Structure formats: C-alpha cells, structure tokens
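Chemist: build me a structure from this.
(chains A, B, C and D)
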Protein chains: 4
Amino acid sequence: MSCMTKNLQELVKALGDVRGFDRLLQKVWEAKRRLVMKGKKAPCLVRGERGIVFPARFCGTALITVVSATPGKVICEMKVEEAHTNKMGTLHGGMIATLVDNISTMALLFTERGVPGVSVDMNIAYMSPAKLGEDILITAHILKQGKTLAFTSVDLTNKVTGKIIAQGRHTKHLGN
Amino acid sequence: MSCMTKNLQELVKALGDVRGFDRLLQKVWEAKRRLVMKGKKAPCLVRGERGIVFPARFCGTALITVVSATPGKVICEMKVEEAHTNKMGTLHGGMIATLVDNISTMALLFTERGVPGVSVDMNIAYMSPAKLGEDILITAHILKQGKTLAFTSVDLTNKVTGKIIAQGRHTKHLGN
Amino acid sequence: MSCMTKNLQELVKALGDVRGFDRLLQKVWEAKRRLVMKGKKAPCLVRGERGIVFPARFCGTALITVVSATPGKVICEMKVEEAHTNKMGTLHGGMIATLVDNISTMALLFTERGVPGVSVDMNIAYMSPAKLGEDILITAHILKQGKTLAFTSVDLTNKVTGKIIAQGRHTKHLGN
Amino acid sequence: MSCMTKNLQELVKALGDVRGFDRLLQKVWEAKRRLVMKGKKAPCLVRGERGIVFPARFCGTALITVVSATPGKVICEMKVEEAHTNKMGTLHGGMIATLVDNISTMALLFTERGVPGVSVDMNIAYMSPAKLGEDILITAHILKQGKTLAFTSVDLTNKVTGKIIAQGRHTKHLGN
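Modeler: Numbering: from 1, shown residues only, chains lettered A, B, ... in the order given. Down below sits the predicted model:
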C-alpha cells in the first residue's frame, strides 16, 4: 500500500469524529471509486494518485492532482480550464484564492496534528496571468503550526517555465 | 428606463471594444431575458433588478442581486446555498474571496472610467462564519481610483443582524 | 475629572498586573506631568488632552494627539515631521505601519476588555503620500473583538482634505 | 575595490538625479566615513561591510549589516535592541514592518534597474516574537520585477535557530 493511501486512511481514522468530516471522507472513497471506475474527471476534486476529494463544492470542475505530499509541504498540479477563467480568459482571481485556501488546508491535514482549522486572514499577490490550457503547480508550505494558529504560504507557478503566477499567505485558527 | 439599465447600456457601449467583454455583455442581455422569461436562478450571475451577469464562471450557482449601485459604492445580496459552503457547512473562504474580487470589480465598472483592471493584491479577514441559508450583504467601496491603480474595500455582513462576516481589500492595476 | 482621564486610571488599575505595563503606565503619568509642566513635545508619545504615552520606543518623536476615543473607535492626529519621512520626503511606509499597529492596539485598550493582544496579521494599502508638515488623522475601528481574536481597521487621512493616505487591517490574538 | 563598494558607487551614479537621493547618498558616504572613523553604531543605518545608510530616519538606532546581496536576494542581520522593542520586550510589529519595507526596497535597488518604487501594498504575518538581544536575519526575495510593479517577500528569522519570526510581502509601483 502506498504511503499516501496509508496517510489517507489515517486521516480517515483521525478525523472520523470531527463534525462533517465523516461525510467528507466517505465521499473521498466514493469519489475515488468513481474515478477509478469511470476514469474521467469528477467535479470539485483534489485527486492524488489514489484520489482525494477536496471540498470546494462551489467550484465547477477542478481536477487537481497531488504531485507530492510531505508533512509541511504539499505540491499539486492543475490544468487551467475554461470554467476557471475570468472574462480575460485567464485563471480567475477568486479561483486562485480558492486554491490558496484549499491546498494550504490540505497541507495542514497532511501533518501529524491533522487539524484543518478555520480561516483568519488570507492574502494573495497576483503576479502573472495563467492562461487557458496552462499546467500550473500549487505548492503549499507550512510556515508555522503553533498551538492555536497556523501560518501557510502558497505559490502558484507555471509547471513548464516555473514562472510565478501568484503567492498567497493563509493564517488559520486551529482551536484552543 | 431606470438609471441602472441606462448605466448598463452605457457599460455595454463603453466596454464594447474591450477584448472578451463583448461576449460577456451579450451574455448579460441574454441572461437577463432568460431570467425575466423563466423567473428562476441562473448559474454564475450577478443579477440586479434588471439583470447583470458577472463572470465567475468557475462558481456554480451564485445568484447575486444588486441592491444598490452608485459611483464608488455597490451593495449586493446573496443567499448562502449548499454549493457555496465548505465541509463545515459555512460559506467557503474561496467563495468569499471570489465575492470580494467580483463585487469590487463591479464597483469599478460602475464608475465613469469603467475599467475593470487586473488584480494586484487582495486580502481577506475572516471574522464570523456565514451559515447555509443565511442572507448576506456584500458592500464594495472604492477607496481610491487613481490613474494606474484602484483600491477597494469589501464588507460581507449578515443582512438581518448586520454582523460582519469578512472584510477584504482589493488593489487593481487599471493600465498605464 | 474628564471621562478620558477616568478611563486612563481604570486602565492603570486593570493593567497593573500585566507584565511590563506597570512600568509603561507609570511612564504615562510621568510623561503627562512632564508634558503639562514643560508644554513641549516628548518622544514617542500618544498624548491625549491629558496625556497618554504609547510604546513605540523605536520611533523618534511622534507626537500623537487623541482626538476622540470611544469603545470601538479611536481617532488620533499627528503632524508629519522630518523624522517620519522617507527619502522622498513623505511619510515612511514603516511609520504608517507603526501607526496602524499602535493606534489599533490603542482602540483595543479602550474597550471594556482592554487587552492589547499580540499581532497575528497586518496589511496596509498605500494610496497617497502624506507630505512633510501635513496634519493627518488616524482612525482605528474595531471590526470584531472575539474571545481569542480581534480584527481592526485603520484609516489614515489628510485632516484638511479628508483624502485617504493609507488603510490598514490588523488581526491580534487576545489569548485563550 | 570590493564588489559591494563598486555596486554602491554605481548606485550613487544611477540615483544621482533622483530627487532626494543625492542627499541620501551623500549621507551614505559621510556615514560610512563616520563608521570607519569612529567604529561605532550610527543611527538608522543599513550598513554593509563598507557601510550603507538606509533611510528610516524615524527609527532610532537600527544597525543593520548586509550579510549578502545579489540581484534578487538581499540578506541582512540585526540585533534586537531596547529601542526596537514593544511593551512586552519583543521586536515591535511596526519595526518589523519597517524592516520588511526597507530591506525589500534595498533588494530592488540591488538590481540592474535599481528603482526603489513606491509602496502599493504590504502585509506581515507575525509568527514568533523576537526577544531583546536576539540576532535576526532579514532575507528579502524579489518575486517578480515587472515593468510597472514589483513583488517582494521578506522573511525574518532567528539567526541561530532559523526559527521564523515574521514573513512579509511588499508590492511596489516602479513607475510607468
């Protein structure tokens, strides 16, 4: 069994009693099965090698692949599709913010503590547009995971050129 | 003809030669007709009394009503629906960021200059969760509209209690 | 005895056992006396009608007058002096940040709870330069004061024209 | 002649006609002489091996040493002194903001273009307090230097442990 699947199962156990997560993680496995069975894109997924659903239900069809996930750093990949773009045909600022939010939360879930937390502050610097069809990397670092607060940083870059698209920072409250 | 419809038509003319906007504003009128004809929710709309489509194509079904729009200040209203929520059943942080992005841009479009600009920096403070079914107000102010940069601030509040949900600031580059 | 002096004395009592504050507030009264006696500028003061020292020891000589202070909103006034300017002869961005930090903290001290908290996140949008000799108003609002976190917003404006110079937001952790 | 001294002289030439810089850079050389002659701390300096004055005139006595400076990345070092601390005896949030502002600007000056720009947006996440006497590193990266806008990121870390103290991002307008 791969490390990531094992981590995922541990996540399932660890988060099993957290409100709402049961349902989420049940959906993870269902979605995984669906993905394997149908071999096609599912709406609103953050899918690793073995499939992880991520809960941005309001976004349409973001198929995000986990490239690597270690405690403190998660790298995902995504292709910019029509549905993610703004009127200028580039990756929507709100979609970028959603990726900063979700992938940084994912990084927090991939730690020993595994608490997603609640958003306190988030900021994004928009540096270059990402065009339709572009493959992008989303790299989330945990800057600090304290008792009550966690600080994360997220870079969006072009997969081929490495050019930076945006950088976000996300502060979350982990509970008292 | 109401003031807002007139503004909208001027917007259509003014933005008619901006790349991509043609198509957008054509959709505005189509959507308006559809809304009037069918009297039901359309996906990804920012709809005023007389109907305005707003281009957050990646969000699912946000029906946003323009409550008031004056140069410098736009107030919109929205009900938090299932599709906008996160795993905790509250308005998703990425959806809040998208609203900050879009409604502040809308405020810039409702000025004499009427240029949407390109995002430079955006930040959001998340203060209270907005629950499923809650009616929220989104109030965008233009803090400064200079030659090359515009600064806007957006408050999300509970429509009934006035309680603040989030506050964002959005800096946009308007061109040289 | 004026309301503000009374508040100040209550602050002295309430904060008397907080580490470091004793010393600070002792300095407040000393500085007040000095101000009254000598009628001239003291370094690093936030001085109201009756004198309040504010602890930005690293800044040189900022004489800040409290214009009004109510729970939730504090307005201060300051003249931009040579020592506060950058190489371009305008109010230094770091000085603006310091004012956002200190005056928002002052607003938190002027509440019933009266806890200064610890900085979590701060951001500033710089909109117009403030020139040497300009009188500026610094208006701090408390957006939300929760159990563990407080959110504040600070506007810097030209006192005469009302033109906005900068807007900051400051999130502080109040303890568990 | 060392590389940094040469760079400095080029800076002098390049910035010689920029308003206010003349005076600044004259002070640089004077301060350098003073530093060499007296071998002691000068107020408000960013001093390299050979001495660079940096214009935070409102701060008291920050002696900042340039550890390394390459196009795109500048590392400085500073000891937290009494004058930089807040009421809790730790590095003041406004002082941290000033360092983010100045050292990121310094990184922009150490590029071929060498334009300091004007602040647009700045944000700081405060992660751990830096105590009196602590040696800290301030590392500024240029994320993107475009035609009209530059984006920089600044980390403050403990020199010995590497622990992160704060992270800031600074967006500047470079002119049209």
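Chemist: for chain A, what spans make up the helices?
Modeler: If you assign secondary structure with DSSP state H, the helices in chain A sit at A:3-14, A:21-38, A:93-109.
Chemist: ranking those helices by mean pLDDT, which is last?
Modeler: Between the helices of chain A, the one with the least mean pLDDT is helix A:21-38; it has a mean of 35.
Chemist: so, in contact with chain C or not, stretch A:126-138?
Modeler: No: using C-beta under 8 Å from any C-beta of the partner chain, stretch A:126-138 never reaches chain C; the gap is at least 14.4 Å. Placement of C-beta: from N, CA and C, glycine included.
Chemist: show me what counts as buried in that stretch.
Modeler: Of the residues in stretch A:126-138, those scored as buried under the neighbour-count criterion (16 or more other C-beta atoms under 10 Å in any protein chain shown) are A:Tyr126, A:Met127, A:Ser128, A:Pro129, A:Ala130, A:Glu134, A:Ile136, A:Leu137, A:Ile138.
Chemist: and for stretch A:117-124?
Modeler: Of the residues in stretch A:117-124, those buried under the neighbour-count criterion (16+ other C-beta under 10 Å) are A:Gly117, A:Val118, A:Ser119, A:Val120, A:Asp121, A:Met122, A:Asn123, A:Ile124.
Chemist: restrict those residues to those near chain C?
Modeler: Near chain C, taking C-beta under 8 Å from any C-beta as the test, the members of the buried residues of stretch A:117-124 found are A:Val120, A:Asp121, A:Asn123.
Chemist: what pLDDT does the closest residue to A:Ile75 other than its chain neighbours get?
Modeler: Once its chain neighbours are removed from consideration, A:Ile75 has its nearest residue in A:Val67; the separation is 4.3 Å (C-beta to C-beta, 6 or more residues apart in numbering or on different chains). With respect to pLDDT, A:Val67 scores 87.
Chemist: how close does A:Val67 get to chain C?
Modeler: Distance of A:Val67 to chain C, computed by C-beta to the nearest C-beta, to the nearest Å: 29 Å.
Chemist: which residues of chain A lie near chain C?
Modeler: Checking chain A against chain C by C-beta under 8 Å from any C-beta, the hits are A:Val120, A:Asp121, A:Asn123, A:Thr148, A:Leu149, A:Thr171, A:His173, A:Asn176.
Chemist: where does chain A have its least confident helix or strand?
Modeler: For chain A, using mean pLDDT, DSSP states H and E, the weakest element among its helices and strands is helix A:21-38, scoring a mean of 35.
Chemist: just to revisit the earlier point, C:Leu156: which of the buried residues of stretch A:126-138 is nearest?
Modeler: For those, the minimum distance to C:Leu156 (C-beta to C-beta) is 24.7 Å, reached by A:Tyr126.
Chemist: so what's that closest one bridging to?
Modeler: Legend: beta-bridge partners of A:Tyr126 under DSSP bridges are A:Ala166.
Chemist: any idea how far it is from chain C?
Modeler: Distance of A:Tyr126 to chain C, given as C-beta to the nearest C-beta: 14 Å.
Chemist: can you report how many residues neighbour the nearest residue to A:Lys131 once chain neighbours are set aside?
Modeler: Using C-beta to C-beta, 6+ apart and skipping residues adjacent in sequence, the residue nearest A:Lys131 is A:Thr90, 5.7 Å away. A:Thr90 has 22 neighbouring residues, counting by other C-beta atoms under 10 Å in any protein chain shown.
Chemist: got it, and the one 10 residues further on?
Modeler: The number of residues packed around A:Val100, counting by other C-beta under 10 Å, is 28.
Chemist: residues in contact with it?
Modeler: A:Met122, A:Ile124, A:Val154, A:Leu156, A:Ala166, A:Gly168, A:His170, B:Gly94 (C-beta atoms under 8 Å, 6 or more residues apart in numbering or on different chains).
Chemist: what subset of the residues you listed is buried?
Modeler: Burial of these was assessed by neighbour count (16+ other C-beta under 10 Å); the buried members are A:Met122, A:Ile124, A:Val154, A:Leu156, A:Ala166, A:Gly168, A:His170, B:Gly94.
Chemist: shaky segments in chain A?
Modeler: Counting by pLDDT under 70, chain A contains low-confidence residues at A:1-62.
Chemist: I figured A:Glu112 hits A:Pro71, correct?
Modeler: Yes: using C-beta atoms under 8 Å as the test, A:Glu112 is close enough to A:Pro71 to be in contact (6.7 Å).
Chemist: for the residue of chain A at minimum distance from chain C, list the residues it contacts.
Modeler: Among the residues of chain A, A:Asp121 lies nearest to chain C; the distance is 4.0 Å by C-beta to the nearest C-beta. Each residue near A:Asp121 by C-beta under 8 Å, 6+ apart is listed here: A:Arg169, A:His170, A:Thr171, B:Asn123, B:Ile124, B:Ala125, B:Tyr126, C:Val120, C:Asp121, C:Asn123, C:Thr171, D:Ala125.
Chemist: in strands, which of those residues fall?
Modeler: Per DSSP state E, strands hold the following members of those: A:Arg169, A:His170, A:Thr171, B:Asn123, B:Ile124, B:Ala125, B:Tyr126, C:Val120, C:Asp121, C:Asn123, C:Thr171, D:Ala125.
Chemist: what is the neighbour count of A:Lys147?
Modeler: Other residues near A:Lys147 number 10, with proximity taken as other C-beta under 10 Å.
Chemist: got the phi/psi numbers for it?
Modeler: Backbone torsions of A:Lys147, given as degrees, to the nearest 10, read phi -70, psi -50.
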